[in-house]
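Participant: Sequence below, structure please.
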Amino acid sequence: MCNCYLETNLDRLEQNIKNIKKQYQTPVKVMCVLKANAYGHGISEIAKFLDHSQEADMFAVANAYEAMELREAGIRKHILVLSGVSQESLEHLIPESVRLTVSDMKEAKRIQETADRLNRTAFVHIKIDTGMHRIGFIPDVDFVQNQLKTIASMDHVKMEGIMSHFANSDEPDSAYQKKQYDLFIHILNQCKDCGIHYDITHISNSAASLTSPSYQTDMIRLGIAMYGYNPFGKGLPNTLNIKPCASMYARINHIKTLPKGSYISYGLKYKTSEESVIATVSAGYADGFPRFLTNNYEVKIKDRYAPVCGTVCMDQFMIDITGIDNVKVGDYVMLFGDDPSGKCTVDTIAEKGNTIIYEILCNINDRVKRIYK
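Facilitator: Next up, the predicted model:
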């Protein structure tokens, strides 16, 4: 019996993708983003499930390690590494047909030379910096005629895709987003005029995929929305019926009754105002239950809500279960999930920590057991 686990509903994961795709008038391919351990959900098992799903066309990861982890797990769908990789990594990725992101000419030439020496074809996606200013080619007036044409002519490089990334797609109806999109389309039109061939175009992440289905690209990249979370937090109605596919639970390992005036946990930050029944829960900030939830959150047990009492510890925290009947050691409490009240959710945790849901999910430790249903 595990102390703490994350349970993921795979059917709901797939249904979220279907619901997002329904808003598109023409068919659109989906690149499922699996970086950061599939946003905390467990990269190998999520990938194995989606590898057999018709809703997933391609995968994206952050680095070479994640790409090779998927290949070693037997994943056969195309995988794109979203950032640059080392020379050593190229030696492993190219033979595995892992797709590579190219952000400048130096990188393109290095990939060409490596693929030539290996006598293989390297499949690349050209990253255009339309305004994010993180990585990517700056599209000056000669970019398409000079740099893209040069890459397209490389005999061991296949230009499979052209891509970009929005800087503020979490702001619906953003003029800056529209400016980025228009520049991207302008570059694609220039490519067509110059006879430069590619197979896939993609710029929309989860937020843009939800609010701008009119954007004319071949593929969308789904990360946080695929897992059932609104990238706008509570700022935009969930009209697409996407739902969190994961819930996190932890086991009660101790229960005691304390008299009025008892201090609880480190720093004496909580004092009972009456005789209280206190339960100790087997999870802490090392598991991804943040320390900022000290005296500032409620977990769910037996359809009731129990407040966190005192400082959240590394491996445990305490809750007040006074008045909640039939709670015993071995019972599990929900730390977050699809809670209709909104009290016990990742969104609420992120809001209390003045952060984003991405960070909360990505901080779920590997020692938390992953369960799939």
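
Participant: for this protein, which residue is closest to the average position?
Facilitator: Tyr39 (3.8 Å; Cα atoms, centre = their mean).

Participant: what's the closest non-adjacent residue to it?
Facilitator: The shortest distance from Tyr39 to any non-neighbouring residue, by Cβ to Cβ, 6 or more residues apart in numbering, is to Leu361 (4.8 Å). In short, each C-beta sits where N, CA and C put it, glycine included.

Participant: quick revisit: how close does the residue nearest to the centre of the chain sit to Ser103?
Facilitator: 24 Å (Cβ to Cβ, to the nearest Å).

Participant: cool, Tyr297 as well?
Facilitator: 41 Å.

Participant: Those two: which has the busier surroundings?
Facilitator: Of the pair Tyr297 and Ser103, Tyr297 is the one with more neighbours under other Cβ atoms under 10 Å, namely 24 against 19.

Participant: contacting residues for that one?
Facilitator: By Cβ atoms under 8 Å, 6 or more residues apart in numbering, the contact set of Tyr297 is 307-308, 348-349, 352.

Participant: Please apply the same query to Ser53.
Facilitator: Counting by Cβ under 8 Å, 6+ apart, Ser53 has contacts 14, 17.

Participant: for Leu6, helix, strand, or coil?
Facilitator: Here Leu6 is recorded as strand under DSSP: H, G, I helix; E, B strand; the rest coil.

Participant: helix or strand for the closest residue to it other than its chain neighbours, which one?
Facilitator: Using Cβ to Cβ, 6+ apart and skipping the chain neighbours, the partner closest in space to Leu6 is Met248 (5.0 Å). Using DSSP states H and E, Met248 maps to strand 246-258.

Participant: and that strand, which strands flank it?
Facilitator: Its sheet considered, strand 246-258 pairs with strand 4-8 (antiparallel), strand 276-281 (antiparallel), strand 332-336 (antiparallel) by DSSP bridges.

Participant: From the chain's centre, how far out is the second one? Work that out for me.
Facilitator: The chain centroid and the centroid of strand 276-281 are separated by 33 Å under Cα atoms, centre = their mean, to the nearest Å.

Participant: Let's test this: mean pLDDT of that strand, rounded?
Facilitator: Strand 276-281 shows a mean pLDDT of 98.

Participant: neighbouring contacts of it?
Facilitator: 250-258, 260, 262, 264, 272, 299, 306, 309, 316-322, 324, 327, 333.

Participant: Could I get the contacting residues of Glu171?
Facilitator: Gln177.

Participant: Also Asp173?
Facilitator: Here Asp173 is in contact with Thr211 (Cβ under 8 Å, 6+ apart).

Participant: quick one: contacts for the residue nearest to the centre of the chain?
Facilitator: Contacts of Tyr39 (Cβ under 8 Å, 6+ apart): 33, 223-224, 227, 358, 361-362.

Participant: Closest one of the residues you listed to Val368?
Facilitator: Leu361 (11.3 Å; Cβ to Cβ).

Participant: Could you give the number of residues near the closest one?
Facilitator: 26.

Participant: One more: Tyr266?
Facilitator: For Tyr266, using other Cβ under 10 Å, the count is 12.

Participant: and it, how far is that from Ile349?
Facilitator: 20 Å.

Participant: returning to that earlier point: redo the strands paired with strand 246-258 as TSV? Include distance to Asp287 and mean neighbour count.
Facilitator: Formatted as TSV, the strands paired with strand 246-258 follow (distance: least, Cβ to Cβ, whole Å; neighbours: other Cβ atoms under 10 Å):
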stretch	distance to Asp287	mean neighbour count
strand 4-8	5	21
strand 276-281	10	22
strand 332-336	9	23
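
Participant: Of all these, which one comes closest to Ser83?
Facilitator: strand 4-8 (25.9 Å).

Participant: can I get the CA coordinates of that closest one in CSV?
Facilitator: The C-alpha trace of strand 4-8 is given here as CSV (Å, rounded to 0.1, in the frame of the first residue of the first chain):
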residue,chain,number,x,y,z
CYS,A,4,1.0,8.8,-2.0
TYR,A,5,-0.2,8.2,-5.5
LEU,A,6,-1.3,10.0,-8.6
GLU,A,7,-4.2,8.4,-10.5
THR,A,8,-4.6,9.2,-14.2
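
Participant: Now do it: everything it contacts.
Facilitator: For strand 4-8, using Cβ under 8 Å, 6+ apart, the contacting residues are 40-42, 45-46, 245-251, 282-283, 287, 364, 367-373.

Participant: Helices of the protein, start to end?
Facilitator: Here the chain has its helices, by DSSP state H, at 10-21, 35-39, 43-51, 64-72, 87-93, 105-118, 149-152, 175-193, 206-211, 346-352, 357-362.
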